[in-house]
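# sequence first, predicted coordinates after that:
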Amino acid sequence: MTDVHKKLLYSSLDTLGEVVSLQSSLSRIEPDIAVIHLSGSLSAWPETLPGLPHIEELLQQSEKKVILDLSGVDHIDSSGLQVIFDAFSQVRKAGGALRLAGANERVARPFKLTRLDTILSFYPNVTAACQEFTIVAQASD
């Protein structure tokens, strides 16, 4: 697995005056599976940011298998849910698939409450999400 680059997406103050920030990095597992690693808080998403990092560039490179690693995310709000769902829709529209991996209970709960967990594919970790891509690929051969 190789990290392509890491970057700070945003850092701001929440309503309590505490700093919230989100960082991302991109790596590849096998030549055709990209993993976007997020860490920090996926909340209070700034309207000036277009969407999740790396999605657009991956789709332009015809990447069709994307895993969103949420194991480093400690908090998510409705704006974070929207950004993830938008990324899912964007990848699906391009003929690809987006899998979510490693979400802790605090991060997974809003998806369950909104029933987005019935639309989005969740896996306990990146390895399981990667294996699912392999199984699907073998079944279609």
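On my side now, so go ahead.
# could I get the pLDDT score of the closest residue to Ser24 other than its chain neighbours?
Distances taken as CB to CB, 6 or more residues apart in numbering place Pro53 nearest to Ser24, at 4.5 Å, with adjacent residues excluded. Yep, even glycine has a C-beta here, placed from its N, CA and C like the rest. The per-residue pLDDT reported for Pro53 equals 83.
# could you look up the SS state of Thr48?
Following DSSP: H, G, I helix; E, B strand; the rest coil, we place Thr48 in the coil state.
# check contacts around the closest residue to Gly96 other than its chain neighbours.
In this structure, Gly96 finds its nearest non-sequential neighbour in Lys64, 3.6 Å apart by CB to CB, 6+ apart. By CB atoms under 8 Å, 6 or more residues apart in numbering, Lys64 lies in contact with 32, 91, 94-97.
# and Lys64, what's its pLDDT?
Predicted confidence (pLDDT) for Lys64: 93.
# and it, how far is that from Ser78?
For Lys64, the distance to Ser78 equals 28 Å [CB to CB, to the nearest Å].
# tally of neighbours for the residue nearest to Ser24?
Residues contacting Pro53 under the criterion other CB atoms under 10 Å number 20.
# is it true that it lies in a strand?
No - Pro53 is assigned coil when assessed by three-state DSSP, not a strand.
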